[in-house]
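Based on what follows, work out the 3D shape:
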Amino acid sequence: MGSKKHSRRHVRGIPGRAPAARERRLIQYKERELRAAILHLRALERHGDVATVEERDQCFHEVRRLAITPKGLVSEEFRREAWPFLLGVDRLTQNGLSTTGNSSAETHRDAAQVEKDVERSLWHYDVLQRIKESDRRSKRRALTQIILGVLNANDELFYFQGYHDIVSVFLLTLGNSKNTMQAVQNVSETYQREPMRSGFEQVMETTRLLFPLLDAADELLFQHLHASGVEPFFALPWMITWFAHQLKRFEDVARLYDVFLVTHPLFSLYVSAGVVLEAREKILRCERDFGTMHGMLSSLPLSMDIEKVIARALVLFHQLPPEQLRKLSDLDAGSVSRCAYFQYPYEYQPWPCISKPMLKDVPPLPARLSRLVKQVSFFFIVPNHVLTVAWGSMVLYRGVEMETRPTTFWVPGRYFEKN
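The predicted structure follows:
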């Protein structure tokens, strides 16, 4: 009998198998890099004060590179080593010490609210769906102890609803230890300092930076959002919880935390902008009605592509850094000087390279549509051209990203090409 012939389709294999294999190879390669970085990190910890600034800086630079590139720090195995380092925690003296024994719930002003929120917590992540109820209760007790331990250690920190989601991410990743307690305390006193003040005024003002950022990145999209009457506060829960309250897949949450721990405290704003920009077409199809638009925007994180959003946010961060973005807003200079968001880097981040660019050769922001429309000069027919509606104008604009290359516009009966 002759050999069985295989169809071209059979030879090619199952659709999706090749991308899955590439992803496995990527993860395996990254794990090797992470193991090397962790060995370097452990050596620095053993040497303690003897390690030079250059050695520590080199270690941070490598961990940051791994954190921002696809798949981040990959798994809990590596995050348990890297996150404490990034948060200035001395694992050799802290690790393994239980949080049990912190001040009781009755001693803190926010204890009742903490208890209520924790009682409803540790349900929505995929990794928690099948755990035993006894394990869930144990984790809730640990969560309460960590939260109240941090709050009792600093009277200037005020609990806010959603804070327990942040702490739960560290608990599930780092475990129940003094190591976790110190990591959460450092995050609370720096990155999360503004939400943990007695009022949310500064947080609300900072959230307003989202619209100038979107306007700079995509004028048409911003105009469409603005026309609906929606305010940027749909992104407030995203920013103050680092998306821990919105996402169901825990690996996605941890992936974002990898990036947030190595970047500027306003990077959550840029990620929020990335979420909106990646949903551009969906938003432009949405009617300009406040309720409809706000509801749709609020649900965007559930369907976002994490890696695409992070990549978009990184580019946008370099195109319009926080200090430049602040100048586009009406934020009071005095309040900015006191704002923890703009006091970065923090005391436990002594690495010189932390303020240096993370990317090279970043393209400039797109040209403003208002300027491009004014430059229309002569016309000719362009058959079957793909065009996108520019809101509020008779002109239709093709360039999705508003590139500065020659671009076709349309008015009834004629096509125009700018110089």
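
residue boundaries of the helices in the stretch 101-250 of the chain?
111-119, 133-153, 163-174, 178-188, 201-207, 210-217, 219-228, 236-241, 250-260 (DSSP state H, counting those that start in this stretch).

Tabulate these (JSON lines), appending mean pLDDT and distance to residue 347.
Any C-beta I mention is one placed from the backbone N, CA and C, and that applies to glycine too. Formatted as JSON lines, the entries for the helices of the stretch 101-250 of the chain read as follows, by pLDDT from 0 to 100; distance: least, CB to CB, whole Å:
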{"stretch": "helix 111-119", "mean pLDDT": "95", "distance to residue 347": "27"}
{"stretch": "helix 133-153", "mean pLDDT": "96", "distance to residue 347": "16"}
{"stretch": "helix 163-174", "mean pLDDT": "98", "distance to residue 347": "20"}
{"stretch": "helix 178-188", "mean pLDDT": "95", "distance to residue 347": "9"}
{"stretch": "helix 201-207", "mean pLDDT": "93", "distance to residue 347": "20"}
{"stretch": "helix 210-217", "mean pLDDT": "97", "distance to residue 347": "28"}
{"stretch": "helix 219-228", "mean pLDDT": "97", "distance to residue 347": "37"}
{"stretch": "helix 236-241", "mean pLDDT": "97", "distance to residue 347": "22"}
{"stretch": "helix 250-260", "mean pLDDT": "98", "distance to residue 347": "18"}
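
Helices of the stretch 301-419 of the chain, residue ranges please.
All helices of the stretch 301-419 of the chain, identified by DSSP H, counting those that start in this stretch, fall at 306-319, 322-327, 333-338, 369-374.

Need those in CSV (columns: distance to residue 209).
Supplementary listing: these in CSV, determined by distance: least, CB to CB, whole Å:
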stretch, distance to residue 209
helix 306-319, 12
helix 322-327, 6
helix 333-338, 11
helix 369-374, 21
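
Out of the ones you listed, which gets nearest to residue 28?
Ranking the helices of the stretch 301-419 of the chain by their distance to residue 28 (criterion: CB to CB) puts helix 306-319 first, at 17.4 Å.

now the angle from the closest one to helix 210-217?
80 degrees (axes from the mean of the first three to the mean of the last three CA atoms, to 10 degrees).

Tell me which of the helices of the stretch 101-250 of the chain sits nearest to residue 335.
Smallest distance to residue 335 across those (CB to CB): 6.4 Å, for helix 201-207.

Low-confidence bits of this structure, can you list those?
Per-residue confidence of the chain (counting by pLDDT under 70) places the weak regions at 1-17, 91-106, 334, 369-419.

Run a quick neighbour tally on the closest residue to residue 255 other than its chain neighbours.
For residue 255, the nearest residue in space outside its immediate sequence neighbours is residue 72; the separation is 4.7 Å by CB to CB, 6 or more residues apart in numbering. By the other CB atoms under 10 Å criterion, the neighbourhood of residue 72 contains 25 residues.

returning to what we had before: distance to residue 333 and mean neighbour count for the helices of the stretch 101-250 of the chain - can I get that in TSV?
As requested, those are exported to TSV (distance: least, CB to CB, whole Å; neighbours: other CB atoms under 10 Å):
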stretch	distance to residue 333	mean neighbour count
helix 111-119	34	16
helix 133-153	31	18
helix 163-174	29	24
helix 178-188	26	24
helix 201-207	12	19
helix 210-217	16	22
helix 219-228	25	20
helix 236-241	22	22
helix 250-260	26	22
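
Now tabulate the ones you listed in TSV and tack on distance to residue 20.
Rendered in TSV, the data for the helices of the stretch 101-250 of the chain read as follows (distance: least, CB to CB, whole Å):
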stretch	distance to residue 20
helix 111-119	38
helix 133-153	31
helix 163-174	25
helix 178-188	34
helix 201-207	38
helix 210-217	32
helix 219-228	33
helix 236-241	30
helix 250-260	16
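
if we can go back for a sec, can you lay out the helices of the stretch 301-419 of the chain as JSON lines showing mean neighbour count?
Compiled in JSON lines, the helices of the stretch 301-419 of the chain are given as follows (neighbours: other CB atoms under 10 Å):
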{"stretch": "helix 306-319", "mean neighbour count": "20"}
{"stretch": "helix 322-327", "mean neighbour count": "15"}
{"stretch": "helix 333-338", "mean neighbour count": "11"}
{"stretch": "helix 369-374", "mean neighbour count": "14"}
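
Nearest to residue 107, out of these?
Evaluated with CB to CB, these place helix 333-338 nearest to residue 107, the distance being 29.0 Å.

from the chain's centre, how far out does that closest one sit?
Its chain's C-alpha centre and that of helix 333-338 lie 24 Å apart, by CA atoms, centre = their mean, to the nearest Å.

circling back to that earlier point, quick one, which of the helices of the stretch 101-250 of the chain is nearest to residue 345?
Of all these, helix 178-188 sits nearest to residue 345, with 12.5 Å by CB to CB.

Now do the closest one against helix 163-174, angle only.
Going by the same axes, to 10 degrees, helix 178-188 makes 140 degrees with helix 163-174.

so what does helix 178-188 touch, helix or strand wise?
helix 76-86, helix 91-94, helix 133-153, helix 163-174 (3 or more CB pairs under 8 Å, 6 or more residues apart in numbering; DSSP states H and E).

can you tell me which residues contact residue 128?
Residues in contact with residue 128 (CB atoms under 8 Å, 6 or more residues apart in numbering) are 122, 136, 172, 250.
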